[in-house]
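*Asks:* coordinates only, no sequence provided:
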């Protein structure tokens, strides 16, 4: 396998891993707080960008955790945010640009963690306070 093909395969694996992390977290939240919490995946390929994440619904609220990967002239830009009720994001992960596929894969993994952990805490906080 040539280096470009290997890089593409590694990036695809990293994207699938990030998507799985959101899916596992959403499923866990749904099981833990059933019937008050529902979750649907965000998975969108739009031109030179990929969006991954989860939309969590609970009584009176919607929480969105989302990663975005954009292809740029210099490589990739990875960023993420956590929003409650379509308001301004209350957590924004800074966009990082890299041409290195391994660094991009590591950032996808790290950013998925940095969004799912506080999302889980926020859902618990909202339900604890009666939404």
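*Replies:* Sure, I can see it. Predicted model only: the values in this text are computed from it and were never measured. Numbering: from 1, shown residues only.
*Asks:* host element of residue 77?
*Replies:* In this structure, residue 77 sits in strand 75-84 according to DSSP states H and E.
*Asks:* quick check: buried residues in that strand?
*Replies:* Going by neighbour count (16 or more other Cβ atoms under 10 Å), the buried part of strand 75-84 is 76, 77, 78, 79, 80, 81, 82, 83, 84. Every C-beta, even on glycine, is put in place using the N, C-alpha and C of the backbone.
*Asks:* check which helices and strands that strand sits against.
*Replies:* strand 61-72, strand 91-98, helix 101-128 (3 or more Cβ pairs under 8 Å, 6 or more residues apart in numbering; DSSP states H and E).
*Asks:* can you list contacts of stretch 5-13?
*Replies:* 1, 101, 102, 104, 105 (Cβ atoms under 8 Å, 6 or more residues apart in numbering).
*Asks:* please pick the buried ones from those residues.
*Replies:* Using 16+ other Cβ under 10 Å as the burial test, these include 101, 104, 105 as buried.
*Asks:* from residue 15, how far out is the first one?
*Replies:* As judged by Cβ to Cβ, to the nearest Å, residue 101 and residue 15 stand 11 Å apart.
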